[in-house]
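**Q** Dropping a prediction and its sequence here:
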Amino acid sequence: MASLITTKAMMSHHHVLSSTRITTLYSDNSINDHQHIKTKPQIPVRLISQRISGVTRAVINLPAPLPEKETVEGERRCHVAWTSVQQEKWEGELTVQGKIPTWLNGTYLRNGPGLWNIGDHDFRHLFDGYSTLVKLQFDDGRIFSGHRLLESDAYKAAKKHKKLCYREFSETPKPTRNTFKNPFSGIGEIVRIFSGESLTDNANTGVVRLGDGRVMCLTETQKGSILVDHETLETIGKFEYDDGLSDHMIQSAHPIVTETEMWTLIPDLVKPGYRVVRMEAGSNKREVVGRVKCRAGSWGPGWVHSFAVTENYVVIPEMPLRYSVKNLLRAEPTPLYKFEWCPADGAFLHVMSKLTGEVVASVEVPAYVTFHFINAYEEDENGEGKATVIIADCCEHNADTRILDMLRLHTLRSSHGHDVLPDARIGRFRIPLDGRKYGKLETAVEAEKHGRAMDMCSINPLYLGLKYRYVYACGAKRPCNFPNALSKVDIVDKKVKNWHEHGIIPSEPFFVPRPGATHEDDGVVISIVSEENGGSFAILLDGSSFEEIARAKFPYGLPYGLHGCWIPKN
Ligand SMILES: CC(=O)/C=C/C=C(C)/C=C/C1=C(C)CCCC1(C)C
Ligand SMILES: CC(/C=C/C=O)=C\C=C\C=O
Ligand SMILES: [Fe+2]
């Protein structure tokens, strides 16, 4: 479907009246367009927007609704959230409806998969798409915006050769004819996987601002650590780690970054365990603080998309959903992709001292499935000035691995109106620090209050590792097949405020604190919303009341995105 839309969009000149400026963009750059453009001159597409009763309306620039017959696999036209971006880049000013707080000056940068096809080949899974950065540059009440595809080697090679060239999350390049003839090619491929050579560097998951100001896009392969310019969205180049740890090829997609340091986990597939590493701001060298050995007797370590820290400790999850070398070597994906579900081998959480690298607790907990840890903190239950327990909260999918396969594009694009999204909750782990063997897992807030969906979370970053109260995340208004609401959860009073409009798919609600604020929820929440009618807009909610304070419509539809960061204006 994406290719059909692309061709159509490319052939029409898009005119939208803008109150402040006219932007010219060239729709020459998506992979489909590329083929086309070789024989045709670039077509400038002018985006002009028109103010109608205070709201900027795109006049002709949104993709024209497709007739029912122009569909993927015989389906109805799918939501713009799951539709590839139609141009490689765009830049322009958005017209704001409402009032942006005067203190909000800086750039919100969001990463995520935004292009899910190469020529006629449609990718399978949400996580396969090529990284697409979206910026919202807030400047004195105005928003300058844009998007751009990340120039990873994987994307550049796909563009050049018009085929998949690296292993993505679920996609594997087709073997070449030589591979069939060469009896050693299987071994060669194993080497290429374990050296990381055949793995993607498509850094489509998150983006972080390091303490020294560099901005890095990330995914779960180490080679997918790529520096970008947050103003132009240009790709600067690979982040070159200067520490000899890259031969471990994979990493957590969510390092924890502060002004002074970065913490991350490097899983070890050969001797199942995790290296806990720290990198000083300004350096490219990660230092191994300690190593955790997996408790389960399984072949692979538990999948580690994210983890948590407290003031003094790193919390390392060992999920029963484990990396599987067997599945890694398969060309065709299993329902659990590169992972396998091993609940009989146990589920664990480990706690390491940041200072000494010593593992101070390692507890067995009930089975769990999570992509995202929300926050963690130490609690001194006896009031003796010593932490006795660690609380670690995560978006927990009720130990149900189906969520991974629910994120297949076919499912996201097809289950219209059916309530098929499996339930999720805020899972709260209690990890005793007194040597007890077991930890607890509880539901922090009744899941019904946020529509039984819970993922893509953020907190006030000033509360990282500390006792905190508010979680911002995607919840749901049922029925749905994907989280379709924004939720503010008060985990102390166990109250939830939800924000929803019909037909929307909002991306991660990102909290930016007001400078000088004394209340945890004094700030704004930013999200980019994909609409059912093919459009999209940026929304600003008040962090406290969770009510809309401003929105700004994009002159075109943007797909769903994953994680973002805030880069304050210097
Ligand atoms: C987008 C997101 O949240 C996760 C992306 C994960 C990726 C791209 C994982 C890729 C992998 C391979 C290509 C092979 C090795 C295993 C694994 C790290 C899962
Ligand atoms: C989008 C998502 C889960 C949604 C489920 O409700 C997970 C994304 C993980 C990667 O960042
Ligand atoms: Fe994530």
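**A** Arrived safely. Numbers count the residues shown, from 1 in each chain. Ligands and ions are numbered 1, 2, ... in the order given.
**Q** tell me which parts of the chain are close to ligand 2?
**A** Within the chain, the residues that sit near ligand 2 (Cβ under 6 Å from any ligand atom) are Thr205, Phe371, Ile403, Ala424, Ala453, Asp455, Met456, Pro483, Leu562. For glycine as for every other residue, the C-beta is placed from the backbone atoms N, C-alpha and C.
**Q** now the last one: how far from Ala550?
**A** In this view, Leu562 and Ala550 are 23 Å apart by Cβ to Cβ, to the nearest Å.
**Q** Same check on the first one?
**A** Taking Cβ to Cβ as the measure, Thr205 falls 28 Å from Ala550.
**Q** Please identify which of the two sits among more neighbours.
**A** Legend: neighbour count by other Cβ atoms under 10 Å for Thr205 and Ala550, higher for Thr205 (24 against 21).
**Q** just to revisit the earlier point, which of the residues of the chain next to ligand 2 lies at the shortest distance from ligand 1?
**A** Thr205 (4.1 Å; Cβ to the nearest ligand atom).
**Q** and Gly188, that one's in a helix?
**A** Yes. Counting by DSSP: H, G, I helix; E, B strand; the rest coil, Gly188 falls inside a helix.
**Q** Check it and give its pLDDT.
**A** Note for Gly188: predicted pLDDT of 77.
**Q** Ok, Lys135 next?
**A** 98.
**Q** ok, now the one 10 residues further on?
**A** According to the model's per-residue confidence, Ser145 sits at a pLDDT of 98.
**Q** I figured it was touching Ala538, is that so?
**A** Yes. Assessed by Cβ atoms under 8 Å, Ser145 is found in contact with Ala538 at 7.2 Å.
**Q** residues bridging contact with these two, i.e. touching both?
**A** Taking Cβ atoms under 8 Å, 6 or more residues apart in numbering as the contact rule, Ser145 and Ala538 both touch Leu94, Leu136, Ala552, Phe554.
**Q** By neighbour count, which of those residues wins?
**A** Most surrounded of the shared contacts of Ser145 and Ala538: other Cβ under 10 Å gives Phe554, at 28 neighbours.
**Q** which non-adjacent residue is nearest it?
**A** Nearest non-adjacent residue to Phe554, counting by Cβ to Cβ, 6 or more residues apart in numbering: Ser536, 4.7 Å away.
**Q** what's near enough to touch the one you found?
**A** Here Ser536 is in contact with Val80, Ile528, Val529, Ser530, Lys553, Phe554, Tyr556, Gly557, Leu558 (Cβ under 8 Å, 6+ apart).
**Q** That one pairs with what?
**A** Legend: beta-bridge partners of Ser536 under DSSP bridges are Ser530.
**Q** Give me the pLDDT value at it.
**A** On pLDDT, Ser536 comes in at 98.
**Q** Kindly report the same for Asp120.
**A** 85.
**Q** Tell me where the stretch 401-550 of the chain is predicted with low confidence.
**A** Within the stretch 401-550 of the chain, no stretch has pLDDT under 70.
**Q** 80 instead?
**A** Within the stretch 401-550 of the chain, the stretches with pLDDT under 80 are 415-416.
**Q** can you pull the contacts of the closest residue to ligand 1 within it?
**A** Nearest residue of the stretch 401-550 of the chain to ligand 1, counting by Cβ to the nearest ligand atom: Leu407, 9.0 Å away. The contact partners of Leu407, by Cβ under 8 Å, 6+ apart, come to His125, Leu126, Phe127.
**Q** Make sure Asn327 is indeed in a helix.
**A** Yes. Under three-state DSSP, Asn327 falls within a helix.
**Q** OK, contacts around it?
**A** Contacts of Asn327 by Cβ under 8 Å, 6+ apart are Pro333, Thr334, Leu336, Tyr337, Lys338, Phe339, Glu340.
**Q** how about the first one, what does it touch?
**A** Pro333 makes contact with Arg124, His125, Ser170, Thr172, Asn327 under the criterion Cβ under 8 Å, 6+ apart.
**Q** Would you mind confirming that Val201 is in contact with Lys223?
**A** You called it Val, but residue 201 is Asp. Yes. The pair Asp201 / Lys223 is scored as a contact, 4.3 Å apart, by Cβ under 8 Å.
**Q** coming back round to it: with pLDDT, secondary structure and distance to Ala367 as added columns, please give the contacts of Asn327 in JSON lines.
**A** Shown next, in JSON lines, are the contacts of Asn327 (pLDDT from 0 to 100; DSSP: H, G, I helix; E, B strand; the rest coil; distance: Cβ to Cβ, whole Å):
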{"residue": "Pro333", "pLDDT": "85", "secondary structure": "coil", "distance to Ala367": "23"}
{"residue": "Thr334", "pLDDT": "90", "secondary structure": "coil", "distance to Ala367": "19"}
{"residue": "Leu336", "pLDDT": "96", "secondary structure": "coil", "distance to Ala367": "14"}
{"residue": "Tyr337", "pLDDT": "96", "secondary structure": "coil", "distance to Ala367": "19"}
{"residue": "Lys338", "pLDDT": "94", "secondary structure": "coil", "distance to Ala367": "19"}
{"residue": "Phe339", "pLDDT": "97", "secondary structure": "strand", "distance to Ala367": "14"}
{"residue": "Glu340", "pLDDT": "96", "secondary structure": "strand", "distance to Ala367": "13"}
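**Q** buried subset of those residues?
**A** Among the contacts of Asn327, those scoring as buried are Pro333, Leu336, Tyr337, Lys338, Phe339, Glu340 (criterion: 16 or more other Cβ atoms under 10 Å).
**Q** Helix, strand or coil: sort out the nearest residue to Cys474 once chain neighbours are set aside for me.
**A** Nearest in space to Cys474, with sequence neighbours left out and distances taken as Cβ to Cβ, 6+ apart, is Pro483 at 3.6 Å. Following three-state DSSP, Pro483 is assigned to coil.
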